[in-house]
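1. Give me coordinates for this.
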Amino acid sequence: MKELDRQEAFELASPFPYVLAVTLDKRERPNIMGLSWWMFTSWSPLMIAVSIGHPRYTHECLEHHKEFVLCFPSEGQEKDAWICGTKSGNAIDKFKDTGFKAIPSKTIKTPTIDGVTVSFECKIVEQAETGDHTVYIADVVAMRGNPEKIMHLYSIHYTKLISIGSNGRIKMDLEY
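-> Residues are numbered from 1 along each chain as shown. Have a look, this model is predicted:
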C-alpha cells in the first residue's frame with residue numbers, strides 16, 4: 001500500500017452512483033443538482049442522507065423547503081444530468097435548459113424528473129453540519145421508477161459518466 005493524495009484516492013474509489021437531487025427554491029421554482037454524496041441510513045424506517053456544500057444553491061433551497069426528490073438518471077439522460085452537475089441553478093433554470101420534464105411527485109410538493117430509473121421522495125427530519133457541508137437526513141415517503149430502464153449513471157471521479165445496469169451491464173462511452 002502507498003500513501004495517496006485525494007485525487008488518486010477518489011479516482012480509485014470510483015465509480016460513484018450519480019444522482020440528481022430535485023429541490024424547490026424560496027420562490028417555489030424547482031432546481032436539480034447532480035451529486036454523488038448520498039447514502040441509505042436506515043431500512044426501518046427507510047431513510048436517505050445527502051451531503052450538500054454550504055455555498056451550493058441546493059443548500060439554500062433545502063434550508064427553505066425541507067424536502068427533496070433523489071432521482072437516478074437513466075441511460076440517455078447523461079447530457080442533461082451532466083449539465084445539472086456542472087451549472088448552478090442560481091444562474092439557470094435547469095428544467096428549461098435541459099430536456100428534463102418535471103412531473104408531480106406522489107406525496108411532496110417538489111417535482112420528480114420524468115424518465116429516471118428510480119426516484120425517492122424524501123422529507124428531511126434532521127441535519128448535521130460537517131465541515132463545509134450539511135448532511136440532510138430524510139425519511140423516504142414514496143418511491144417510483146421505470147423497471148424497463150435498468151441502466152443508470154455513475155461518476156468516474158467527477159470527470160465523466162458511465163452507465164451500469166442492475167443486471168451488471170456496463171456502457172463506458174456516453175456522449176454528453
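2. going forward, measure contacts between C-alpha atoms and count neighbours the same way
-> Fine.
3. show me where pLDDT drops low in the chain?
-> Within the chain, the stretches with pLDDT under 70 are 174-176.
4. Now do the strands in it.
-> For the chain, strands defined by DSSP state E occupy the ranges 16-17, 19-24, 30-35, 38-43, 46-53, 67-72, 102-103, 112-113, 118-130, 133-145, 151-156, 160-165, 170-171.
5. Reformat the ones you listed as CSV; add mean neighbour count and distance to Glu3.
-> As requested, the strands of the chain are exported to CSV (neighbours: other CA atoms under 10 Å; distance: least, CA to CA, whole Å):
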stretch, mean neighbour count, distance to Glu3
strand 16-17, 20, 22
strand 19-24, 26, 30
strand 30-35, 24, 27
strand 38-43, 14, 26
strand 46-53, 20, 26
strand 67-72, 28, 33
strand 102-103, 14, 45
strand 112-113, 27, 41
strand 118-130, 18, 25
strand 133-145, 19, 26
strand 151-156, 23, 21
strand 160-165, 21, 25
strand 170-171, 14, 30
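6. Export those strands as JSON lines, with columns for distance to Ala91.
-> Shown next, in JSON lines, are the strands of the chain (distance: least, CA to CA, whole Å):
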{"stretch": "strand 16-17", "distance to Ala91": "25"}
{"stretch": "strand 19-24", "distance to Ala91": "15"}
{"stretch": "strand 30-35", "distance to Ala91": "11"}
{"stretch": "strand 38-43", "distance to Ala91": "24"}
{"stretch": "strand 46-53", "distance to Ala91": "17"}
{"stretch": "strand 67-72", "distance to Ala91": "20"}
{"stretch": "strand 102-103", "distance to Ala91": "19"}
{"stretch": "strand 112-113", "distance to Ala91": "20"}
{"stretch": "strand 118-130", "distance to Ala91": "25"}
{"stretch": "strand 133-145", "distance to Ala91": "21"}
{"stretch": "strand 151-156", "distance to Ala91": "23"}
{"stretch": "strand 160-165", "distance to Ala91": "23"}
{"stretch": "strand 170-171", "distance to Ala91": "32"}
